[in-house]
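# Got a predicted structure here, sequence first:
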Amino acid sequence: MKHLKVSTLVLALVMSASAITAIAQVTVGGAPMYATKDIIDNAVNSKDHTTLVAAVKAAGLVDTLKGPGPFTVFAPTNAAFAALPAGTVDTLLKPENKPMLTKVLTYHVVAGKMDAAMLKKAVMDGGGKAVLKTVSGGTLTAMAAGSGVTVTDESGGTANVTIADVTQSNGVIHVVDKVLLPK
């Protein structure tokens, strides 16, 4: 009888932990992000990333970001794209500008899965900054900012990581508040 009570208690604790995990699910743009889904399958549900998703589709990068990765994506919000000079997004989305769009988008991607803890460790190990090589061949510089992280592009623009560690089946997304631009 005692064994049955312990087993029941253990089962209840496991179920409670599962429920807490489900409740604690990260949401981005009003949508839950599932660690079992890939970057694209999660991003398409975020109302804050419709411009990014449209750009990824226009650049032909959907299959890449659905691939095994792993990838670390610094994902700009719609507001970040809207802050670009007027007409920039429309110009980038034109078919004749696909190479430029691809370069901008892949500049937001680092090969490998670098969660916030790894990013902060790299910053500490680098004496206050970490230089990250992007898939496009450029570099981003990560630095600590209070309890968070900022990412600076080659043009001197700085983005804040507003939501870190959005775990995906093929990597991790860090939501940023600015579009990062290569030289």
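Happy to help now that I have it.
# Number of residues surrounding the residue nearest to Asp41 when sequence neighbours are not counted?
Nearest non-adjacent residue to Asp41, counting by C-beta to C-beta, 6 or more residues apart in numbering: Lys66, 7.3 Å away. Backbone N, C-alpha and C define where each C-beta goes, glycine included. Lys66: 15 surrounding residues under other C-beta atoms under 10 Å.
# residues contacting Lys66?
Lys66 is in contact with 38-41, 170, counting by C-beta atoms under 8 Å, 6 or more residues apart in numbering.
# is it possible to export those to a markdown table including pLDDT and secondary structure?
Converted to a markdown table, the contacts of Lys66 look like this (pLDDT from 0 to 100; DSSP: H, G, I helix; E, B strand; the rest coil):
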| residue | pLDDT | secondary structure |
| --- | --- | --- |
| Asp38 | 84 | coil |
| Ile39 | 85 | helix |
| Ile40 | 87 | helix |
| Asp41 | 85 | helix |
| Asn170 | 91 | coil |
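# TSV for those, including neighbour count and distance to Val26?
Formatted as TSV, the contacts of Lys66 follow (neighbours: other C-beta atoms under 10 Å; distance: C-beta to C-beta, whole Å):
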residue	neighbour count	distance to Val26
Asp38	18	15
Ile39	28	14
Ile40	19	17
Asp41	16	15
Asn170	18	16
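# what stretches of this protein score poorly on pLDDT?
1-25 (pLDDT under 70).
# Just the strands from the protein, written as ranges.
Taking DSSP state E as the criterion, the chain carries its strands at 27-28, 31-32, 71-76, 109-111, 129-133, 139-145, 148-152, 158-168, 171-176.
# that older thread, of the contacts of Lys66, closest to Ala59?
Among the contacts of Lys66, Ile40 lies closest to Ala59 (C-beta to C-beta), at 12.3 Å.
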